[in-house]
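Asker: Sequence and computational prediction follow.
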Amino acid sequence: MQSHEFFTPIKRELQIMEEELIKAVDTNQPLLKQASGHLIHAGGKRLRPAFVLLTGSCFTSKIDHLIPMAVAMELVHMATLVHDDVIDNSMSRRGRDTVKARFGNRMSIYSGDYMLAKALHKVGEYCRADLMKIVTETSVKVCQGEIVQLQSAFDVDQGITDYLRRIERKTALLISVACQVGALLAGASPPMVRAMRRFGHYLGMSFQITDDILDFTADESVLGKPTGSDIRQGIITLPALYALRYSPEASGLRAILSSPDNVARQANRAISIINRSGGIEYSQKVAEKYINKAQLMLEQIPSSQARTALSRIADFVCTRDY
């Protein structure tokens, strides 16, 4: 099942969002326009703008005024992806060359900065200090999360709590905020806004854990990037943390994952150890627990076609293969 099948209630608005997304990065600087548009034209799940629009649809039938915020959420997300690809030296994403691969590091950094600035400009259109505070504080925390990930590279002594805090800032926070601002702009009551924010948090945690599972298990052609990318960059995720604690081969895995040189030579061995350890199955159960919590939050929301779509997306998140 394709994720776009869940977007039926917001199909028209999502199409307008896509057009506005392209317009948002338009500029009379040809190279900047090409670099900024490259990732947009590569496509993507568009989950963050969809969450803005769907959460808003739970509380109002008129959601056109949410479209600029939907654009802003996707721009923030794409800015982080462009910067991540420079940091990770990634040459492919979504089955295509990254901005880094096509345009180089300097243009990638500038285009990422440009997209983030354009996102804040979109948020500014609402002339609401509360929305600007939410988005700017979120952007700061996402950056902090990425720095923590850099600092924890090849650290085999980190715990599961460290991992969960890291992915909260790296992924869950932006999804949570997309749901929060969608509800806010739709005029939802404070308890409903809190429920949607928590829904987004739990779903975002499951989304990242599933991503980390797919890094070990997905077909490279389906995933759109090389299998084992995290391990090769020293990023120790939940399946690996489980293996480091419970695998009979934990000492050998520890020796590999703690050394950049060893990882470069023995990444495939490390992946095999992790796959045999039960870490994938454990991580899947954790992802499912977060989805169950997300579904409990949705039960607080009035029944609607949009709520049903959000529920189906939640189920899709931890069963997807890309």
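Answerer: Great, that's in hand. Numbering: from 1, shown residues only.

Asker: This protein: strands as residue ranges?
Answerer: In chain order, the chain shows strands spanning 92-93, 96-97, with DSSP state E as the criterion.

Asker: Low-confidence stretches in the protein?
Answerer: Flagging of the chain using pLDDT under 70 yields the residue ranges 1-4, 94, 221-225.

Asker: Find the centremost residue of it, please.
Answerer: With distances taken as Cα atoms, centre = their mean, the residue of the chain nearest its centroid is Thr171 (4.5 Å).

Asker: related to what we said a few turns ago, most tightly packed of the strands of the chain?
Answerer: Taking mean count of other Cβ atoms under 10 Å as the contact definition, the stretch among the strands of the chain with the greatest mean neighbour count is strand 92-93, which reaches a mean of 19. Yep, even glycine has a C-beta here, placed from its N, CA and C like the rest.

Asker: CA atoms only: put stretch 57-67 into CSV for me.
Answerer: Listed in CSV are the C-alpha atoms of stretch 57-67, where the atom choice follows Å, rounded to 0.1, in the frame of the first residue of the first chain:
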residue,chain,number,x,y,z
SER,A,57,-9.4,18.5,9.0
CYS,A,58,-10.3,16.8,12.3
PHE,A,59,-11.6,20.1,13.6
THR,A,60,-12.7,22.1,10.6
SER,A,61,-13.8,21.6,7.0
LYS,A,62,-12.0,24.7,5.7
ILE,A,63,-8.3,24.1,5.7
ASP,A,64,-6.9,26.2,2.9
HIS,A,65,-5.4,28.5,5.5
LEU,A,66,-3.2,25.6,6.7
ILE,A,67,-1.4,25.2,3.4
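
Asker: hang on, the earlier thing: what's the closest of the strands of the chain to Met115?
Answerer: Using Cβ to Cβ as the measure, strand 92-93 is the one of the strands of the chain that comes nearest Met115, at 14.7 Å.

Asker: doesn't Ser206 make contact with the residue nearest to the centre of the chain?
Answerer: No - at 9.8 Å, Thr171 and Ser206 do not qualify as touching, with contact defined as Cβ atoms under 8 Å.

Asker: The residue nearest to Met132 when sequence neighbours are not counted and Thr237: what is the separation?
Answerer: Distances taken as Cβ to Cβ, 6 or more residues apart in numbering put Val123 closest to Met132, at 5.5 Å, once the chain neighbours are dropped. Separation of Val123 from Thr237 (Cβ to Cβ, to the nearest Å) stands at 31 Å.

Asker: now swap in Ala243 and tell me
Answerer: 10 Å.

Asker: show me where the stretch 151-300 of the chain has helices.
Answerer: When secondary structure is read from DSSP state H, counting those that start in this stretch, the stretch 151-300 of the chain shows helices at 160-167, 173-185, 190-217, 220-223, 229-232, 238-246, 250-257, 260-276, 279-298.

Asker: again with the stretch 1-150 of the chain
Answerer: Applying DSSP H, counting those that start in this stretch to the stretch 1-150 of the chain gives helices spanning 11-24, 30-41, 47-57, 67-88, 99-103, 105-124, 129-151.
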